[in-house]
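Novice: how would this look folded up:
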Amino acid sequence: MSVSVRCWHGVPMTPTGGSAGEPAGGTWAGEAIVIACVTAALLPLGLLHLSGSGSIDPMTDVISDYVFLPGGYALLGAAALGLAVACLAIAAGLRRAGLPAPRVPAALFVSAAVALVLVAVFPTHPAGTTPGLVSTVHRAAGGWVFAVLPLASWLVARRARSVPVWAPAAPALSRGAGVAGVISTFFVLNHVPIVIAGSPVFPLIGGVQRVLCAAVMVVLVMTARATRLAVDRVDCTGPVPVPGQLRGAA
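Specialist: Numbering: from 1, shown residues only. Here you go, the predicted model:
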């Protein structure tokens, strides 16, 4: 015999009738991992912006140009790898949280993680020089990250609408992913004239990229939080077995 209960004021009951510090199935640590990874990515980027304030214009130069500052390669690599870990944590949590058809969004998050590793390993080329294979890989991988992360989160939000444990987070996540997607589309389309003519249509491409980077980080945190809340709701609403000593009385 079993009964189905919800967490009492957010605190689940133990099999002996007391309260526990976390849901019966164990809380999902992915949200904390994602927040830590996003914070770890922001710190080196902040240091690079401070150290490069006299030589790199954040409104016209892209973030990748910081690689040519002292320690820039290591700091940019650390930021990219931190975001890669965040993507993997979210991908791992989607199935645990009971998201319908999680394979496609999870695969997109994994592909973004792989692309971020490529961004970290393969730097861009110096301004005024001809792009080579290394910088081409960097640009392609960076473009993939900015294109698929808003899409992956939007797919999560779309699937979330039909599931009670996910539905409360769906509207906000959908809006956040939509905003990031619009900025991403504008940023990626501006790279077409760069490839063809060597210069963007919109001159402040560096500022657009920084806004996009911030939007993507926010969406990652939003997706992680929605996933954690869904896991908690799944754990709280699951069947709780009646203790053996009470079965005879029942």
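Novice: next, count neighbours for Ala115.
Specialist: Residues lying near Ala115 (other CB atoms under 10 Å) number 25. Yep, even glycine has a C-beta here, placed from its N, CA and C like the rest.
Novice: which of the three states applies to it?
Specialist: helix (DSSP: H, G, I helix; E, B strand; the rest coil).
Novice: that one contacts Trp144, correct?
Specialist: Yes - counting by CB atoms under 8 Å, Ala115 touches Trp144, with 4.5 Å between them.
Novice: what about the longest helix in the chain?
Specialist: Determined from DSSP state H, the single longest helix within the chain is helix 205-237.
Novice: model confidence for Asp232, exactly?
Specialist: Listed pLDDT for Asp232 reads 88.
Novice: in stretch 212-219, which residues are buried?
Specialist: Leu212, Cys213, Ala215, Val216, Met217, Val218, Val219 (16 or more other CB atoms under 10 Å).
Novice: ok, which stretches of this protein are helices?
Specialist: Using DSSP H, helices in the chain cover 30-51, 72-96, 103-121, 133-160, 170-197, 205-237, 244-247.
Novice: and the angle for the fourth one with helix 72-96?
Specialist: Just to be clear, that refers to helix 133-160. Helix 133-160 and helix 72-96 are oriented at 30 degrees to each other (axes from the mean of the first three to the mean of the last three CA atoms, to 10 degrees).
Novice: what packs against helix 133-160?
Specialist: Counting contacts by 3 or more CB pairs under 8 Å, 6 or more residues apart in numbering; DSSP states H and E, helix 133-160 is packed against helix 72-96, helix 103-121, helix 170-197, helix 205-237.
Novice: do the fifth one as well
Specialist: Under the contact criterion of 3+ CB pairs under 8 Å, 6+ apart, the helices and strands touching helix 170-197 comprise helix 133-160, helix 205-237.
Novice: run the chain-centre distance for it.
Specialist: 15 Å (CA atoms, centre = their mean, to the nearest Å).
Novice: so that helix versus helix 133-160, what angle?
Specialist: 160 degrees.
Novice: may I see the buried residues of helix 170-197?
Specialist: 170, 173-174, 176-177, 179-181, 183-184, 187, 190-191.
Novice: tell me the angle that helix makes with helix 205-237.
Specialist: 150 degrees.
Novice: so what's the residue nearest the centre of the chain up against?
Specialist: The centroid of the chain falls nearest to Leu220 when counting by CA atoms, centre = their mean (2.7 Å). Applying CB atoms under 8 Å, 6 or more residues apart in numbering, we find Leu220 in contact with Val34, Val38, Leu83, Ala86, Cys87, Ile90, Leu149, Ser153.
Novice: change it to 6 Å
Specialist: Contact analysis of Leu220 by CB atoms under 6 Å, 6 or more residues apart in numbering lists Val34, Ala86.
Novice: number of nearby residues for Ser55?
Specialist: 11.
Novice: one step back: closest to Val137 among the buried residues of helix 170-197?
Specialist: His191 (14.7 Å; CB to CB).
Novice: what's the spacing between the closest one and Ala140?
Specialist: Distance of His191 to Ala140, given as CB to CB, to the nearest Å: 10 Å.
Novice: same question for Leu133.
Specialist: 11 Å.
Novice: one step back: export the helices of the chain as CSV, with columns for distance to Tyr66.
Specialist: Compiled in CSV, these are given as follows (distance: least, CB to CB, whole Å):
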stretch, distance to Tyr66
helix 30-51, 4
helix 72-96, 5
helix 103-121, 12
helix 133-160, 13
helix 170-197, 17
helix 205-237, 11
helix 244-247, 62
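Novice: nearest to Asp61, out of those?
Specialist: helix 205-237 (4.7 Å).
Novice: buried ones in the closest one?
Specialist: 205-206, 208-213, 215-237.
Novice: how about stretch 109-124?
Specialist: 109-113, 115-116, 118-120, 122-124.
Novice: before I go, just wanted to say thanks for your time.
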